[in-house]
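Engineer: what would the 3D arrangement of this be:
(chains A and B, ligands or ions: 3)
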Amino acid sequence: MSHAHPHETSNEVLAPGQRLQESERKAFSPEAVAEIQAIMAQYPDKMAATLPALYIAQREFGFVSLAAMRAVADVIGIPEAHVFGVATFYTMYQKAPVGKFHFQVCTNISCALRGAAQLLEKVCERTGVTPGQGPSPDGLWSVEEVECLAGCGVAPCVQVNQDVYDELVDEDKLVEVMEACKRGEYRPWAH
Amino acid sequence: MAAIRTKPDHHTYTFPGFGSEKFPNLMLRGAGDLNNWHLKVYEQQHEGYVAMRKALQTEPVAVIDEVKASGLRGRGGAGFPAGLKWSFMPKDTPERKLTRYLVCNGDEGEPGTFKDRVILEYNPHQLIEGMIIGGWAMQCAMGYVYIRGEFLWLIEKLEAALQQARDAGYLGKNILGTGWDYDILVYRGAGAYICGEETALLNSLEGRRGEPRVKPPFPAVKGAFGQPTTVNNVETLAAVPPIMRMGGAEYAKIGSPKNAGTRIFGVSGHVKRPGIYELPMGTPMNFLVEELAGGSSTGRKIKAIIPGGASCPMLDEKDFDVPMDFDNLKARGSMGGSGGLIVMDESVCIVQATLRLIRFYAHESCGQCTPCREGCNWMQLVLHRIEHGQGRPGDLDLLASLTPRIGMRTLCPLGDAACGPMDSALQKFRHEFEHHITHKTCYATGSRLLSNVGAH
Ligand SMILES: Cc1cc2nc3c(=O)[nH]c(=O)nc-3n(C[C@H](O)[C@H](O)[C@H](O)COP(=O)(O)O)c2cc1C
Ligand code: SF4
Ligand code: FES
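Structural biologist: Ligands and ions are numbered 1, 2, ... in the order given. Next comes the predicted model:
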């Protein structure tokens, strides 16, 4: 859960109540419904499918929109309020659109000791994106500052979408990764 | 979906003497070898599933006794004896058959900790084997592995490894003719540190918000889906096969008194060779930091070490010789925690480091308890103003007065975890805080641990 405090909220464009955004897509594909139903059947309680279903929603809708949450509640047959509560509790569900390549930069202590703050600034500079303000105009990049990614030994640690995890990133390496993204060597978001 | 990785990582796993009697390699066998997750390799090269076969021919109670005899203590943070925890699980009675679960905690979110991922990456079958032995010992119906969401590629690898185990008949119905049915499912978290706390993890596994539960009832009575459940860390469960193989008494000889076995230590921060080192418990900290990890990477003196993940109180120079086990670290006012060492050199501003740590706790507090929710936030605000040159004369007393009002007054230990770094920093580096308040800048010049871009 995150709390409001001065230096962070000042450039937050969305007030808390505005966090949930709408998407054009309104419903799951039949395959996704079947996938969720199979997960429900695996557990003693169908509610356990909430987290996996939200990942499926994120994949299908591109991000976890209000409609995506409703669709999850609908397929599992649980209250919408429960799904809203879960989706907003966990940070890995993106409640607003992200770029095709979503950079998650760890700035926690081990990474900070090895220049994560400076790297984050470089990532922002090179992509032209400010964290929390949505993707770049061309839709390619978005940036997020995250907590420890359990890659502290190869700090500073950066994750791009789901694929890259511990590319010992300095600025040269960063440029290399960005070029590789553009060449299509990394799977885009919402694959 | 992400694919199984074919690219080795940059971690160190080995050092001269590793694998000898002095430095047994019980957990990191095959680390660095990306083929090691195959069942065949594990069985042919690393005595894989020998321990499981032995356990399945032993009475469940006797397996628990073996783990008790080994002296194995939980590697998730608190160091609770694993065998004892297992023995808390209620047994079937003639009138009542129970459904019991074993849950593996693979949330690994403690800053400075990166050991469970190595087991998942290079040695997943050892974890699976440990979970089968544990499942047998407690006669569980299912095992669940809860893994942090960012580890998608490791989840996929573990699922592939589980399928190999199923195909071999080690999971499923009537395992190896014992009449016992058991399977293991993987559950993916979604980015919340608090889900590492065992009852929050259980809520998350049930598809809820990861908020810790009020205890009692303890998980052994009412855990996952309302059933008796044991939660163990990845490393704890992966230590079980070696124990069964060599026998509890033999395992107990490794390590230091009351702290048996080896432990996977992770070293990060200002050292020449950051990485993962498996060492017997009780190995002196300066041996690991200076000899194995190569000492300071910057040429500057090492100022402070956090010995077991971000929640543990910092140690300064006079304690760098501490033998790394639960009891010795506790005696020096810190904790064994998760075994992740964070090394800071002289250029680090302790005020900044503390602010970064407290910001983490303020961000990750689940918000249920007022002392934790408000207290962490308050500490952050006060530290923030000190760091930014707006500190007031009474601020240090204010900070010191906050921690006793958080610690031990919350539902889960996250509140206490935030107090450890705060109190130790104030005690050991008070002059840096005072310098900040008087001179409005860092005592250690040029320290830049905090970014000033955007929202978090
Ligand atoms: C805030 C918090 C975070 C925790 N995170 C983890 C974690 O990431 N991994 C883990 O194994 N244990 C974690 N723990 C400890 C667990 O609650 C639990 O004690 C542990 O999983 C028990 O396993 P063990 O007996 O094998 O050590 C955490 C505890 C707290 C209070
Ligand atoms: S101590 Fe903090 S994290 Fe733990 S239950 Fe209370 S509010 Fe939640
Ligand atoms: S502190 Fe950055 S990955 Fe752990």
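
Engineer: helices of the stretch 101-250 of chain B, residue ranges please.
Structural biologist: Counting by DSSP state H, counting those that start in this stretch, the segments of the stretch 101-250 of chain B that form helices are B:116-122, B:124-137, B:152-167, B:198-205, B:234-238, B:240-246, B:248-252.

Engineer: Throw the ones you listed into a markdown table and include mean pLDDT, mean neighbour count and distance to chain A, thanks.
Structural biologist: Backbone N, C-alpha and C define where each C-beta goes, glycine included. Written out in a markdown table, the entries for the helices of the stretch 101-250 of chain B read as follows (pLDDT from 0 to 100; neighbours: other C-beta atoms under 10 Å in any protein chain shown; distance: least, C-beta to the nearest C-beta, whole Å):
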| stretch | mean pLDDT | mean neighbour count | distance to chain A |
| --- | --- | --- | --- |
| helix B:116-122 | 94 | 26 | 5 |
| helix B:124-137 | 98 | 27 | 16 |
| helix B:152-167 | 96 | 19 | 5 |
| helix B:198-205 | 98 | 25 | 7 |
| helix B:234-238 | 98 | 28 | 11 |
| helix B:240-246 | 97 | 25 | 22 |
| helix B:248-252 | 97 | 18 | 27 |
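
Engineer: looking at those helices, which is closest to residue B:343?
Structural biologist: helix B:116-122 (18.9 Å; C-beta to C-beta).

Engineer: for that closest one, what is the distance to the chain centroid?
Structural biologist: Between the centre of helix B:116-122 and the centre of its host chain there is 12 Å, according to C-alpha atoms, centre = their mean, to the nearest Å.

Engineer: by contact count, what packs against it?
Structural biologist: Other helices and strands packing on helix B:116-122, by 3 or more C-beta pairs under 8 Å, 6 or more residues apart in numbering or on different chains; DSSP states H and E, are helix B:124-137, helix B:152-167, helix B:234-238.

Engineer: and those helices as CSV, adding distance to residue A:52?
Structural biologist: Shown next, in CSV, are those (distance: least, C-beta to C-beta, whole Å):
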stretch, distance to residue A:52
helix B:124-137, 20
helix B:152-167, 11
helix B:234-238, 20
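
Engineer: can I get the ones you listed in CSV with distance to ligand 1?
Structural biologist: Written out in CSV, the entries for these read as follows (distance: least, C-beta to the nearest ligand atom, whole Å):
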stretch, distance to ligand 1
helix B:124-137, 10
helix B:152-167, 14
helix B:234-238, 3
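
Engineer: quick one, which of those helices is nearest to residue A:76?
Structural biologist: helix B:152-167 (21.1 Å).

Engineer: any idea how far the closest residue to ligand 3 within chain B lies from residue B:361?
Structural biologist: Residue nearest to ligand 3 within chain B (C-beta to the nearest ligand atom): residue B:111, separated by 4.7 Å. When distances are taken as C-beta to C-beta, to the nearest Å, residue B:111 and residue B:361 turn out to be 10 Å apart.

Engineer: once you drop chain neighbours, what's closest to residue A:105?
Structural biologist: Setting aside the residues directly before and after it, residue A:105 is nearest to residue A:120 in space (C-beta to C-beta, 6 or more residues apart in numbering or on different chains), at 4.7 Å.

Engineer: and chain A, which residues reach ligand 3?
Structural biologist: A:106, A:108, A:109, A:110, A:111, A:148, A:149, A:150, A:151, A:152, A:155, A:157 (C-beta under 6 Å from any ligand atom).

Engineer: helices - which of those land there?
Structural biologist: When those are checked against helices (DSSP state H), the matches are A:109, A:110, A:111.

Engineer: right, and the second one touches residue B:269 too?
Structural biologist: So that's residue A:110. Yes. Residue A:110 is in contact with residue B:269 according to C-beta atoms under 8 Å; the separation is 5.6 Å.

Engineer: common neighbours of these two, please.
Structural biologist: In terms of C-beta atoms under 8 Å, 6 or more residues apart in numbering or on different chains, residue A:110 and residue B:269 are both contacted by the residues A:155, B:112, B:342.

Engineer: which one of the residues you listed is nearest residue B:67?
Structural biologist: The shortest gap between residue B:67 and any of these belongs to residue B:112, at 27.8 Å (C-beta to C-beta).

Engineer: got the phi and psi for that closest one?
Structural biologist: For residue B:112, the backbone dihedrals are phi 100, psi 0 (criterion: degrees, to the nearest 10).

Engineer: which residues touch it?
Structural biologist: Residue B:112 neighbours (C-beta under 8 Å, 6+ apart): A:109-110, A:148, A:152, B:266, B:268-269, B:306, B:309-310, B:338, B:340-342.

Engineer: go again using 7 Å as the cut-off
Structural biologist: If a contact means C-beta atoms under 7 Å, 6 or more residues apart in numbering or on different chains, then residue B:112 has A:109, A:110, A:152, B:266, B:268, B:306, B:309, B:310, B:340, B:342 as its contacts.

Engineer: including distance to residue B:206, could these go into JSON lines?
Structural biologist: Supplementary listing: the contacts of residue B:112 in JSON lines, determined by distance: C-beta to C-beta, whole Å:
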{"residue": "A:109", "distance to residue B:206": "32"}
{"residue": "A:110", "distance to residue B:206": "32"}
{"residue": "A:152", "distance to residue B:206": "30"}
{"residue": "B:266", "distance to residue B:206": "30"}
{"residue": "B:268", "distance to residue B:206": "33"}
{"residue": "B:306", "distance to residue B:206": "33"}
{"residue": "B:309", "distance to residue B:206": "26"}
{"residue": "B:310", "distance to residue B:206": "27"}
{"residue": "B:340", "distance to residue B:206": "29"}
{"residue": "B:342", "distance to residue B:206": "33"}
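
Engineer: for chain A, what are the nearby residues on the stretch 351-456 of chain B?
Structural biologist: B:353, B:356-357, B:360, B:362-367, B:377, B:380-381, B:384, B:448-451, B:453-456 (C-beta under 7 Å from any C-beta of the partner chain).

Engineer: of the residues you listed, which belong to helices?
Structural biologist: B:353, B:356, B:357, B:360, B:362, B:363, B:364, B:377, B:380, B:381, B:384.
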